[in-house]
Each structure stands twice: as C-alpha cells, then as structure tokens.
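Student: sequence first, then the predicted structure:
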Amino acid sequence: MNPKLLEIKDRFVEKLGFLGSLFGFNKLLGQIYGLLYLSPTPLSLDEITKQLQVSKGSISLNIRELEKWGGCKKVWVKGDRKDYYEAETQFKNILNKRLMDALKRRVSTVGEIAADTSALYPESEQTQSLSPEEKKLLSFYKNRIESLDKIQSKLDFLLKTLMKFL
C-alpha cells in the first residue's frame, strides 16, 4: 500500500481509538471500528488482528462488544467459512442504539432501587412496635420511595415514546 494512504488509515484508526476512549469505550474498540469504517471490504478477525497487531483474543472480545452496540455487523463472504465484519456507517444509528441502551439501564436501575428498598418495609404487626416518630419516619420513607417509583414509570414511558421517534 502507498505510504501516504497507509499513514491516513493509521492516523484515522489511532484517532478513532482516542475518540472511543473519550466516550468511555475501550481504545481498541474504537480502533477496530476505525479500521472497519475505512475498509472498502469486510474484514476477518485474522485481518483485523494483523493490521492492528493485537492478539486475536482481544480483537474477538472487542468485536463482540462493537456488535452489541451496533457499531459493526457480521457478514457472509461467499466461499469462506470465516466470520467477516463491516462497520455501521450511519453514526446516527450507532449513537441512538448506544444512547437508548444506556438510558434503559439507568431507568431500570431507578425502578430496582425503589423495589429493593420498598421490599424492606416492616409488616403491619411490626409497625405496631414502632414509636410515633419512627412511624412518621417510615411514612416519610414510603412517600419518597413511591415518588421515585412514579418517576421511574414516567421515565419508562418517556423512553418508549422517544424510541418511536428515533
């Protein structure tokens, strides 16, 4: 390959690795994406390993992660049994999937917190042994946790609505 073209590709791959780390991804994941993005044809794990000079195990782990968030997809190459990959070139699709997955996790965590703590409420016979101040505090806790649960329901609805527009 022409040295200038190789330099362009290497620099792009390097910068995508840096960009990936800025967004909280593994640097190698960004580099793999950069390599696939600039490749006019799908690449096998062996080709990615050779070009990035990283172990095949690291490439394999990171390519699976890249697939999960929609950054690449496995494609079939006629006459070859190896797995080949190509980049998702629509950044909007990648960002939407990544953003929606992150929001879903956070919204579900809010619901888990409310469910987990409300499961600790004392039974009605146990509340009889509480002092008036403790009963008042328990009521305060319940109101706050129920409020959090309502917020989670609204966020869940908002998220589902937002997904329809993306």
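Tutor: Looks like it arrived, so ask away. Residues are numbered from 1 along each chain as shown.

Student: run a quick neighbour tally on Gly70.
Tutor: For Gly70, the neighbour count with other C-beta atoms under 10 Å is 17. Quick note: C-beta positions are derived from backbone N, CA and C, even for glycine.

Student: same deal with the one 5 residues further on?
Tutor: Using other C-beta under 10 Å, Val75 has 12 neighbouring residues.

Student: retrieve the pLDDT associated with it.
Tutor: Note on Val75: pLDDT of 93.

Student: might one say that it is in contact with Glu86?
Tutor: Yes. The pair Val75 / Glu86 is scored as a contact, 5.4 Å apart, by C-beta atoms under 8 Å.

Student: what sits in contact with each of these two?
Tutor: Taking C-beta atoms under 8 Å, 6 or more residues apart in numbering as the criterion, Val75 and Glu86 both touch Pro42.

Student: quick check: mean pLDDT across stretch 155-163?
Tutor: Stretch 155-163 shows an average pLDDT of 78 in the prediction.

Student: quick one: buried residues of it?
Tutor: Across stretch 155-163, burial judged by 16 or more other C-beta atoms under 10 Å covers 155-156.
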